[in-house]
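Trainee: dropping a prediction and its sequence here:
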Amino acid sequence: MKKNLPKNSFSSVISRVPPPLSSKPIRFLIVGTTTVALDLFAYYLLIKSQFFNVEISKAISFIIGSIYSYQLNRAWTFAAGKGNLFQAIRFFLVYASSLFLNVSTNSLFLSRITFNNTPHVILSFLLATVTSATFNYILLKNLVFKRKSHS
């Protein structure tokens, strides 16, 4: 049974998304791409502001992107309802693990993939990103935003 949602609510708008965008992996990809864009934009603005050093700026931009990602993945990608503290904690534990996986994988690929005896930074970055995004999707779908069966 469908809930009667207010006409202008976020959930109401999301429920009218066209079928090609109704696939969870596609929605996850869209949220992930916009999260990276937001992270980069916030990082750029924070560096340009000169209020914070590079490391603090990156930490703040990562947190901003993570909050955005949590909200959109919860509400749109996985349609997981209102959410709660335990769900948010599981999400941020997955993201912290993913950050470690991303950095480690990137480092591994940098040490193994070279072009003219130079580490291939872009390819290593992309491979690390695909690895951590796959990890995120599987854990978010099956651990963080898993729907309880009513059997």
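Mentor: Structure received.

Trainee: where does residue 125 land on pLDDT?
Mentor: If you check residue 125, the pLDDT there is 82.

Trainee: can you tell me the SS state at the spatially closest residue to it that is not a sequence neighbour?
Mentor: Using C-beta to C-beta, 6 or more residues apart in numbering and skipping residues adjacent in sequence, the residue nearest residue 125 is residue 106, 6.2 Å away. In short, each C-beta sits where N, CA and C put it, glycine included. Three-state call for residue 106 (DSSP: H, G, I helix; E, B strand; the rest coil): helix.

Trainee: same thing with residue 146?
Mentor: The three-state assignment at residue 146 reads coil, by three-state DSSP.

Trainee: and it, backbone torsions?
Mentor: Here is the backbone geometry of residue 146 (degrees, to the nearest 10): phi -70, psi 130.

Trainee: same question for residue 114.
Mentor: phi -130, psi 160.

Trainee: show me the contacts for residue 128.
Mentor: Residue 128 is in contact with 102-103, 105-106, 109, counting by C-beta atoms under 8 Å, 6 or more residues apart in numbering.

Trainee: could those residues go into a markdown table alongside distance to residue 27?
Mentor: Formatted as a markdown table, the contacts of residue 128 follow (distance: C-beta to C-beta, whole Å):
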| residue | distance to residue 27 |
| --- | --- |
| 102 | 21 |
| 103 | 26 |
| 105 | 24 |
| 106 | 25 |
| 109 | 27 |
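
Trainee: show me where pLDDT drops low in this structure?
Mentor: Confidence mapping of the chain against pLDDT under 70 gives the ranges 1-22, 116-117, 119, 148-151.

Trainee: quick one, domains of it?
Mentor: Using automatic domain parsing, the domain parsing of the chain gives 20-80, 84-146.

Trainee: tell me the helices in this protein, going along the chain?
Mentor: 10-14, 24-49, 54-72, 85-112, 121-139 (DSSP state H).
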